[in-house]
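1. please work out how this folds:
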Amino acid sequence: MDQVMAIAKTHNAIKVVRINVRIGPLSGTEPKLLEIAFSISCAGTIAEEAEFLTETLPIRVLCNSCEAESEAVINNLSCASCGGYNTKLLSGDELILARVELQNAD
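-> Numbering: from 1, shown residues only. Alright, predicted model coming up:
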């Protein structure tokens with residue numbers, strides 16, 4: 001909410017209309033709990049009526065053996081191409097404030 005309110009202040013917004021957050025399955029963030037926390041933290045602010053949307057990002061790994069990029073699942077970060085476990089996490093642990101839509105006094 002601090003980031004959202006700072007963005008709204010910078011753009012002289014009178015209302016926050018929509019907030020989009022991208023969440024990776026390995027971020028340690030539960031989307032439903034984040035939604036509840038959001039509704040509590042924005043009470044009494046210009047974001048009180050904002051629509052809160054979450055997008056789940058895929059887990060992607062880079063294989064250090066065959067150099068292939070592939071999607072993986074939470075409990076199995078192996079390479080989809082060669083099956084190797086010597087992989088590097090490319091994405092899936094993000095928690096990103098992706099978009100904030102504002103309403104100005106215009």
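2. ok, longest helix in the protein?
-> If you go by DSSP state H, the chain has its longest helix at helix 31-41.
3. how about that helix: buried residues?
-> 31, 34, 38 (16 or more other C-beta atoms under 10 Å). The way it works is simple: take the backbone N, C-alpha and C, and place the C-beta from them, glycine included.
4. let me know the pLDDT of the last one.
-> With respect to pLDDT, residue 38 scores 93.
5. please apply the same query to residue 105.
-> 77.
6. any idea how far it lies from residue 11?
-> 11 Å (C-beta to C-beta, to the nearest Å).
7. looking at the two, which is more packed in?
-> residue 11 (11 against 7; other C-beta atoms under 10 Å).
8. leaving out sequence neighbours, find the closest residue to the more buried one.
-> In space, and not counting its chain neighbours, residue 11 is closest to residue 102: 5.6 Å by C-beta to C-beta, 6 or more residues apart in numbering.
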